[in-house]
Each structure stands twice: as structure tokens, then as C-alpha cells.
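>>> Quick one, fold the following:
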Amino acid sequence: MPLHLPALPRRHFLQSVLAGATAALAGRPLRAATRPAVDPDFWALVSDTHIAADPTRVARGINMADRLGRVVAEIVAEGRRPAGTLVDGDLALNTGEAGDYAEFARLVKPVREAGVPLWLALGNHDHRERFWAGVPDSRRIAGNLADRQAAMIPAGRANWFLLDSLDRTNSTPGVLGAAQLRWLEGALDAHATQPALVMVHHNPNGPSNKNGLTETDALMAILRPRRHVKAHFFGHSHRWSLERDPSGIHLVNLPATAYPFDPSQPAGWVSARLADTHLTLELRSLDPAFADHGKKHRLDWRT
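So this is what the prediction gives:
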């Protein structure tokens, strides 16, 4: 399965609430702290966090730890708890050091304390073994994909399929490999009665872009004829865009949480809400002045 940071037990939530109490509460009765109810159709989507071991580290004029901290605070402050948070790769800044992942785990801890599990895809700036060293309480299950971390995550009205496109750390193009593509075919066919949402870090290659997923054609050859595949999510390019493949599959380019390459692009996260016939996405830009901030986009399922 993909790298998984499970929700922390409720006692961690209570401890974090009590830690914030002040002396002003002395002598006053404390109400029992409760977590917000889970919304099974609500998923928080995050990508390209690029966290460094040093939380003061700045790249491209941006403090990445500050931005992830702000996104985490927004997710925790939602009125209803997400069923899960998906982070679409490039968790670390450059070469995926163990300290980067320890800092990432510290920054996302409030989400776990709020009772929200995280699933993490891997990108070209990540490193599998150093992730496990930096986040020893992460969970993984050995399978027939060697060290690739891929899995199906049930989401009630749909299933998420997270893929692992990390080939070589700090080398730009992404690779899935024949074994993972075969696994995806089998997994999609085994769950053909539910809509499928496929997520991978690398964006599709095109005529003018060869720095994305090297097996774009092979992946789309699997997705297009399987009509229950409704959307394909990716990051890597640090852009926010919604397009549609000629087959009807929605192509969702998730914005970076850390920094955009193009200053006209937003940084932030995306709220995803599932329905029987569609998915509603809402960009949560860290700069509320961005034109698309807060706008809801309905993605109707292809038939």
C-alpha cells in the first residue's frame, strides 16, 4: 500500500486540547473535548510540500514549513472531519533526507491528532528508505511490487488508486514500471462496480513536455477503456488546472502547497467532495485574492 500515517488515537486529540488550556480556565468546569464528525465524502488533497529538515529553510522566497502548517491548520479547522488526506508526492525538498520526513511528520501531526489518516504518494524528490527512517510509525505492506508503494483506498462512493512514480531521487521523469501497471489493471478490474479515481505524482507527458510520466500512453491505455475510471489526479508541475481527456476522464493538476514555479499560479490545497454522479473540487489558495480561490468545480462522471 502507499505510505500511510494512520489517525492517532483520541487520547492524542485530548492531550493537544488540554495542552492549549491556560490558567484562566482554573476553577471552571471543562467540557469534554470532541472531534468533529467525519464526512465520508470529504477528502483533502495536498501535493508538492517540499519540506526540509530545517523548518526555517526558504526556497524560491517561500518558507515551505510555514505553508504546510497553514494548510494543516485549515484542514483541521474544517467543520467536518475529512475521511482522509492524500498527499501526492514530493514530500521532501530535494533529496528526501530522513530529517525532511521527520519534520514533515511533525507538521502534519495535528491532522492525525484530529482523527484524519494520511496516505502519501511518492515523487521524484522523495526517497523510500529514508522516509521509513524518518517516520518510523508509518505503515507499509510488502507486496508483489518490490518497493513500489501503491494501493486502492475505499472512499464509499468511489475508490482511490494511489500509484508510485518515484524512479530515481532528484531525477525529474517519473516511472511506474510494468509490474505496477499490471497491478493497476487487475485492481481496477476487481473494483469495476465503483467509480475509480487514479492519483500519481507525475503529470502526463505531452508533445512539449517530457519531464512527467514516461509511461503516459501506457497508463492512459489502461484508464480510457475502463469506463468506471472517472478522474486522473497528478502534481509535479506545481500548477492548478482542470481539463478533460477526449475519453471523458477528468485530468486534475493539483497545485503545490510549497511554491508555484509560475507566480501567476496558486499555492494551497484542494477540497474534494464525492457524490454519486460527480465530484466537486474547491481550490483553497493560501492567497485568498487568487481568482479561483473558493470556487467550486463540478466534475460530472463520464457514462
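>>> Which residue ranges of this structure form helices?
Read by DSSP state H, the chain holds these helices, from start to end of the chain: 10-19, 64-76, 98-113, 128-134, 178-190, 216-223.
>>> so which of the ones you listed gets nearest Leu166?
Leu166 lies closest, by CB to CB, to one member of the helices of the chain: helix 128-134, at 7.0 Å. Just so you know, the C-beta spots here come from the backbone N, C-alpha and C atoms, and that holds for glycine as well.
>>> Now do the end-to-end distance for stretch 111-129.
Stretch 111-129 has its terminal residues 24 Å apart, counting by CA to CA, to the nearest Å.
>>> And the helices of the chain: which comes nearest Arg148?
Ranking the helices of the chain by distance to Arg148, with CB to CB as the measure, places helix 178-190 first at 5.2 Å.
>>> What residues sit buried inside the closest one?
180-181, 183-184, 187-188 (16 or more other CB atoms under 10 Å).
>>> The helices of the chain into JSON lines, with extra columns for mean pLDDT and distance to Leu122?
Listed next are the helices of the chain as JSON lines, based on pLDDT from 0 to 100; distance: least, CB to CB, whole Å:
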{"stretch": "helix 10-19", "mean pLDDT": "48", "distance to Leu122": "26"}
{"stretch": "helix 64-76", "mean pLDDT": "98", "distance to Leu122": "17"}
{"stretch": "helix 98-113", "mean pLDDT": "97", "distance to Leu122": "11"}
{"stretch": "helix 128-134", "mean pLDDT": "90", "distance to Leu122": "7"}
{"stretch": "helix 178-190", "mean pLDDT": "96", "distance to Leu122": "12"}
{"stretch": "helix 216-223", "mean pLDDT": "98", "distance to Leu122": "16"}
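>>> do you know how far the residue nearest to Ser237 when sequence neighbours are not counted is from Trp240?
Nearest non-adjacent residue to Ser237, counting by CB to CB, 6 or more residues apart in numbering: Asn203, 4.8 Å away. With distances defined as CB to CB, to the nearest Å, the gap from Asn203 to Trp240 amounts to 12 Å.
>>> need the contact list for Arg81.
Taking CB atoms under 8 Å, 6 or more residues apart in numbering as the contact definition, Arg81 lies against 35-39, 42, 114-116.
>>> Relative to Ser285, which of these is nearest.
Phe42 (18.4 Å).
>>> Glu129 versus Asp147, what's the distance?
Noted for Asp147: a distance of 8 Å to Glu129, by CB to CB.
>>> Would you mind measuring from Pro55 to Glu129?
In terms of CB to CB, Pro55 sits 23 Å off from Glu129.
>>> Give me the more crowded residue out of these two.
When neighbours are counted by other CB atoms under 10 Å, Pro55 comes out ahead of the other of Pro55 and Glu129, with 15 against 10.
>>> Give me the neighbour count for the nearest residue to that one once chain neighbours are set aside.
Residue nearest to Pro55 in three dimensions, not counting chain neighbours: Ala65, with 3.9 Å by CB to CB, 6+ apart. The local packing of Ala65 (other CB under 10 Å) involves 23 other residues.
>>> Confirm for me that Ala65 is in contact with Ala52.
Yes. Taking CB atoms under 8 Å as the definition, Ala65 is a contact partner of Ala52 at 7.4 Å.
>>> wait, His127 sits on Gly96?
Yes. Taking CB under 8 Å as the contact criterion, His127 and Gly96 are neighbours in contact, 3.2 Å apart.
>>> still on that earlier bit, for the residue nearest to Pro55, what are its contacts?
The contact partners of Ala65, taken as CB under 8 Å, 6+ apart, are 51-52, 55-57, 103, 107.
>>> ok, of the residues you listed, which come out buried?
Buried residues within the contacts of Ala65, counting neighbours by 16+ other CB under 10 Å: 51-52, 57, 103, 107.
>>> Tell me where the model's unsure across the chain.
Along the chain, the parts satisfying pLDDT under 70 run over 1-2, 10-33, 139-144, 146.
>>> quick one on the thing from earlier: TSV for the contacts of Ala65, including distance to Leu286?
Compiled in TSV, the contacts of Ala65 are given as follows (distance: CB to CB, whole Å):
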residue	distance to Leu286
Ile51	15
Ala52	18
Pro55	17
Thr56	18
Arg57	18
Glu103	19
Leu107	15
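>>> Find the residues that touch each one of His127 and Gly96.
Between them, His127 and Gly96 share these contacting residues under CB under 8 Å, 6+ apart: Thr169.
>>> quick one on the thing from earlier: could you dump the helices of the chain to JSON lines with distance to Ala83?
Converted to JSON lines, those look like this (distance: least, CB to CB, whole Å):
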{"stretch": "helix 10-19", "distance to Ala83": "17"}
{"stretch": "helix 64-76", "distance to Ala83": "12"}
{"stretch": "helix 98-113", "distance to Ala83": "12"}
{"stretch": "helix 128-134", "distance to Ala83": "23"}
{"stretch": "helix 178-190", "distance to Ala83": "20"}
{"stretch": "helix 216-223", "distance to Ala83": "23"}
